[in-house]
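Asks: my questions concern the predicted model and sequence given below.
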Amino acid sequence: MIKRYLKILPMAVAGTMLATSFTSAASAQTLRWSDGGPNRGARAAGMQWVAEEITKRTNGKVKFEFHWAGALMKSKAAVKGVGKGSADVGTIIAAYTPKELSAYSVADLPFEVSDIWSTLRGTYEFASTNAELKKMFSDLGLVYITNITTSPGQLICTKTHVKTVADLKGVKLRATGFYGKVFKGLGANVVSMGQSKVYTALDSGVVDCNQNYMYAIPVFKQQEIAKKMTVMNWGQFLAFAIVMNKSVYDKLGADEQKAIHGVGSDFVDHYAEIMINMTSKSRAAIEAAGVDIHEMSKGEKGKLNNAAAPFIQDWVKRTNDNGLPGQKLFDDYGKLLAKYEGIRTAKGYPWKKN
């Protein structure tokens, strides 16, 4: 009996240790977070804030290990990669996978509301509560956590000051995606290239103007050579989310899930404040560089939106072809943006009430 006990004892101890290991893994997890961008700037800092807050609010039960600059997977592979479990958390961009994220890509279309907080908060509610979007994320093996934004687009030029829509005709303009199509339809000669190449392109005359975001213009030092800027506040990319693998999420406890969504909602206000402050500082730096800034009138911006209408209808048709109610998605999303713009107008930003 003693010999038999001595043979069984190591197996029992090993089994206990294995069970303890599994229990520990279940109670404290380190999740792999993949991002296609570098570990610098406001967006990277924002994602680290999300990770730190989730870890804090779950009492250390959920931690994260970041893989930056596409080290784990490229941005274009993020939807499939996170959905299949190659990463546990990741940032997804609808412009890279428009078919898979067809319903979500409505957030990349132009709307009258352009305020960063109003649009972020409206997009968050839309992606969190809309039945079509929730099903879309679920079918892809994803759970939506929160939203990011590029902030609204502006134009910075060397020779031509684009004050009206008519001024776009014949301009060599660097732009991308949906907005590049609209500018091309208005007579601009649209060129596609990465922002890292734009400084040289502006300096050499390859392009006359560049579509960029206020905070990013000083990052790429474009104000050094392009001295004419038009504030359009048009062309915001909001179909840009942080998501979690659904299987990983489903294995978390209810308290951990609640904490994750609480952080996701709080991040909207946190990131909006950062982006709004950064936009203000960037504009001051651009003005200090001697750039002549023109504010596009409401009437001219309305012409931009009118020019975008046929392309929006193309989006509606493609979305319908994917079996989704394109016009309803567009209308419902627009109502949410208007809702939060009304709240902002009446009450101010959450961090600074009127």
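Replies: On my side now, so go ahead. Given the structure is predicted, the values throughout are model-derived calculations rather than measurements.

Asks: ok, the helix or strand harbouring residue 212: who's next to it in the sheet?
Replies: Assessed by DSSP states H and E, residue 212 sits inside strand 209-213. Applying DSSP bridges, strand 209-213 is found paired with strand 153-157 (antiparallel), strand 172-174 (parallel).

Asks: domains of this protein?
Replies: 30-150+237-277, 153-236+288-353 (automatic domain parsing).

Asks: so which of these is the most surrounded?
Replies: domain 30-150+237-277 (a mean of 19; mean count of other CB atoms under 10 Å). All C-beta atoms are positioned from the backbone trio N, CA, C, and that covers glycine.

Asks: find the nearest non-adjacent residue to the spatially most central residue of the chain, please.
Replies: The residue lying closest to the centre of the chain (CA atoms, centre = their mean) is residue 240, at 2.6 Å. In this structure, residue 240 finds its nearest non-sequential neighbour in residue 148, 4.4 Å apart by CB to CB, 6 or more residues apart in numbering.

Asks: that neighbour and residue 294: what is the separation?
Replies: 28 Å (CB to CB, to the nearest Å).

Asks: do residue 47 as well
Replies: Taking CB to CB, one finds residue 47 at 34 Å from residue 294.

Asks: likewise for residue 110?
Replies: 19 Å.

Asks: what about the strands in this protein?
Replies: 29-34, 62-67, 89-93, 142-147, 153-157, 172-174, 189-191, 209-213, 228-231, 240-245, 292-295, 348-349, 352-353 (DSSP state E).

Asks: pLDDT below threshold where in the chain?
Replies: 1-27, 353-354 (pLDDT under 70).

Asks: what's the longest helix in it?
Replies: Assignment by DSSP state H gives helix 254-288 as the longest helix of the chain.

Asks: now that helix, how far from the centre of its chain.
Replies: Its chain's C-alpha centre and that of helix 254-288 lie 11 Å apart, by CA atoms, centre = their mean, to the nearest Å.

Asks: could you tell me the angle between it and strand 89-93?
Replies: 50 degrees (axes from the mean of the first three to the mean of the last three CA atoms, to 10 degrees).

Asks: quick check: angle from helix 254-288 to strand 240-245?
Replies: Helix 254-288 runs at 160 degrees relative to strand 240-245, counting by the same axes, to 10 degrees.

Asks: is it true that residue 62 touches residue 31?
Replies: Yes - the pair residue 62 / residue 31 is scored as a contact, 6.6 Å apart, by CB atoms under 8 Å.

Asks: just the endpoints, please. Distance across stretch 225-232?
Replies: End-to-end distance for stretch 225-232, by CA to CA, to the nearest Å: 20 Å.

Asks: the closest residue to residue 285 other than its chain neighbours and residue 276, how far apart?
Replies: Leaving aside its chain neighbours, residue 285 sits nearest to residue 218 (4.8 Å; criterion: CB to CB, 6+ apart). From residue 218 across to residue 276, the span is 16 Å (CB to CB).

Asks: adding distance to residue 71, write the strands paired with strand 209-213 out as JSON lines.
Replies: Listed next are the strands paired with strand 209-213 as JSON lines, based on distance: least, CB to CB, whole Å:
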{"stretch": "strand 153-157", "distance to residue 71": "29"}
{"stretch": "strand 172-174", "distance to residue 71": "28"}
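
Asks: which of those strands sits closest to residue 322?
Replies: strand 153-157 (26.3 Å; CB to CB).

Asks: identify the bridge partners of the closest residue to residue 198 other than its chain neighbours.
Replies: Leaving aside its sequence neighbours, residue 198 sits nearest to residue 210 (CB to CB, 6+ apart; 4.9 Å). On the basis of DSSP bridges, residue 210 is bridged to residue 156, residue 174.

Asks: now do residue 210 against residue 147, distance only.
Replies: 25 Å.

Asks: also residue 267?
Replies: 8 Å.

Asks: cool, residue 258 as well?
Replies: 19 Å.
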